[in-house]
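Asker: Any chance you could fold what I've pasted below:
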Amino acid sequence: MDAFGLPTGAWGISMKVSAQTYIVLAVLAILVVPSGGCGGSSEMSGGLEASFTAEEPAPGPSSVSLGQAGSSGDRVEVRVQVTDVSGLFGAAFYLTFDPAMATFDGHEPGEILESDGHTPFYLVEEGQPGVIVVSATRLGPVPAVDVTGSRTLMSLRFRVIDVGASGAVFQAGALYGSQLQPEPMPGVSWFGGQIVGR
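Answerer: This is a model prediction of the structure:
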């Protein structure tokens, strides 16, 4: 079990599998927990206004960062951006936030893994309140993607339910290439931010 009470150990499987199968199996293994309710909340927000403040507004090369994509009333959409990474085939990470401040309200696909008209695989679940488990990967015999500049991997939607700020923090983040048994890319920086309710 990890710090979030979720099962671990799937990254250490020894059978020889493709990169996308490796990533998918790993995330399926850590998702064997009761759902924390990823469909949002039915609570009334009382006229709150949501926004997002990035930890790093101008991320450098070889980084993954969060940034605001848009907001409306008590809801905010947060982009997961990848900046200047070569040979990207998939990604896996936890994103933690304060469930007393906000609820997870779903996700939208991005543009990186969809390159060349490809349809990638996304698995995005709230494994327990305040812990989003994410896996995203290309599928089949397709090339990895060279990311130039900052591009969107996916977007995550949140609804604020109280006044204040909640950290949105990456945990155990890894980017992967297309190797048969991929290793996490070295030297990648991860930057979160704050979900704000006013």
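Asker: Can you list the low-confidence ranges for the chain?
Answerer: 1-46 (pLDDT under 70).
Asker: Output the longest strand belonging to it.
Answerer: Counting by DSSP state E, the longest strand found in the chain is strand 145-160.
Asker: Which stretches in the protein count as strands?
Answerer: Going by DSSP E, the chain shows strands at 50-54, 63-72, 75-88, 90-96, 102-109, 121-128, 131-137, 145-160, 164-176, 189-191, 193-197.
Asker: what residues are up against Thr148?
Answerer: Taking C-beta atoms under 8 Å, 6 or more residues apart in numbering as the criterion, Thr148 is in contact with Asp84. (C-beta placed from N, C-alpha, C; glycine too.)
Asker: Distance-wise, check the residue lying closest to Pro61 once chain neighbours are set aside relative to Ser150.
Answerer: Counting by C-beta to C-beta, 6 or more residues apart in numbering, Asp84 is the residue found nearest to Pro61 once chain neighbours are left out, at 3.7 Å. Look at Asp84 and Ser150: by C-beta to C-beta, to the nearest Å, they are 8 Å apart.
Asker: contacting residues around Thr96?
Answerer: Phe4, Gly130, Val131, Ile132, Gly167, Ala168, Val169, Gln171.
Asker: so the residue nearest to Pro61 touches Val147, yeah?
Answerer: Yes. Counting by C-beta atoms under 8 Å, Asp84 does reach Val147; the two are 6.4 Å apart.
Asker: Same drill for the two, tell me which one is more crowded.
Answerer: The residue with more neighbours, out of Asp84 and Val147, is Val147; 22 against 15, by other C-beta atoms under 10 Å.
Asker: Show me what that one is bridged to.
Answerer: Val85 (DSSP bridges).
Asker: do the same with Arg159
Answerer: Under the criterion used (DSSP bridges), Arg159 bridges to Arg75, Thr103.
Asker: Distance-wise, check it relative to Ser72.
Answerer: Taking C-beta to C-beta, one finds Arg159 at 10 Å from Ser72.
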